[in-house]
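Colleague: Below are the sequence and a predicted model; questions follow.
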Amino acid sequence: MDCLFCKIIAGEIPSKKAYEDDDMFAFYDINPQAPVHILVIPKTHIPSVDGLNAENSAVVGKIFAKIPEIAKAAGITNGYRVISNCGDDACQSVKHLHFHILGGAQLSEKMA
């Protein structure tokens, strides 16, 4: 598999880790769109939200339960945005399910 995020999980590509456990990996985006920009990914390769099913969807619940802790540990204290792009029209650049945590400053009301 030639997945960038799978290579990051495997340690083949370096990253600045924000959090890791048996099911997920969180790291700082190399092209941040906010003062704090962390990506949270499942360790199991799931291509996108469209790839979720009854067998693999529990990891999303675990990720969302952990996001507040990751945000707080990163110093986000006054709110944040969680985004997941799905497919080409949404500009999903890496075909591995991931959630962006954006915060650390007042974000624009516009989503684009």
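Modeller: Noted; the coordinates are in hand.

Colleague: What is the burial count for residue 20?
Modeller: Using other C-beta atoms under 10 Å, residue 20 has 12 other residues around it. The way it works is simple: take the backbone N, C-alpha and C, and place the C-beta from them, glycine included.

Colleague: and what of residue 49?
Modeller: For residue 49, using other C-beta under 10 Å, the count is 16.

Colleague: what about the longest helix in this structure?
Modeller: Scanning the chain for the helix with the most residues, using DSSP state H, yields helix 58-73.

Colleague: for the record, mean pLDDT for it?
Modeller: Over the span of helix 58-73, the pLDDT mean works out to 98.

Colleague: Touching that helix from outside, list them.
Modeller: 18-19, 21, 23-24, 26, 36, 38, 40, 42, 44, 46, 52, 80, 82, 97, 99, 101, 103 (C-beta atoms under 8 Å, 6 or more residues apart in numbering).

Colleague: are any of these buried, and which?
Modeller: The neighbour count (16 or more other C-beta atoms under 10 Å) marks 18-19, 24, 26, 36, 38, 40, 42, 46, 52, 80, 97, 99, 101, 103 as buried among these.

Colleague: Okay, and which of the residues you listed map to strands?
Modeller: Assigned to strands by DSSP state E, the following of the buried ones among the contacts of helix 58-73 qualify: 18, 19, 24, 26, 36, 38, 40, 42, 80, 99, 101, 103.

Colleague: rewinding a little: tell me the buried residues in the longest helix of the chain?
Modeller: Per 16+ other C-beta under 10 Å, helix 58-73 contains these buried residues: 59, 60, 63, 66, 67, 70, 71.

Colleague: For the buried ones among the contacts of helix 58-73, which two are the farthest from each other?
Modeller: Largest separation among those by C-beta to C-beta: 36 and 52, giving 26.1 Å.

Colleague: coming back round to it: among the ones in strands among the buried ones among the contacts of helix 58-73, which one sits closest to residue 2?
Modeller: Proximity of these to residue 2 (C-beta to C-beta) peaks at residue 42, which lies at 17.8 Å.

Colleague: check contacts around residue 26.
Modeller: With C-beta under 8 Å, 6+ apart, residue 26 has these contacts: 17, 18, 19, 20, 38, 39, 40, 41, 66, 70, 101.
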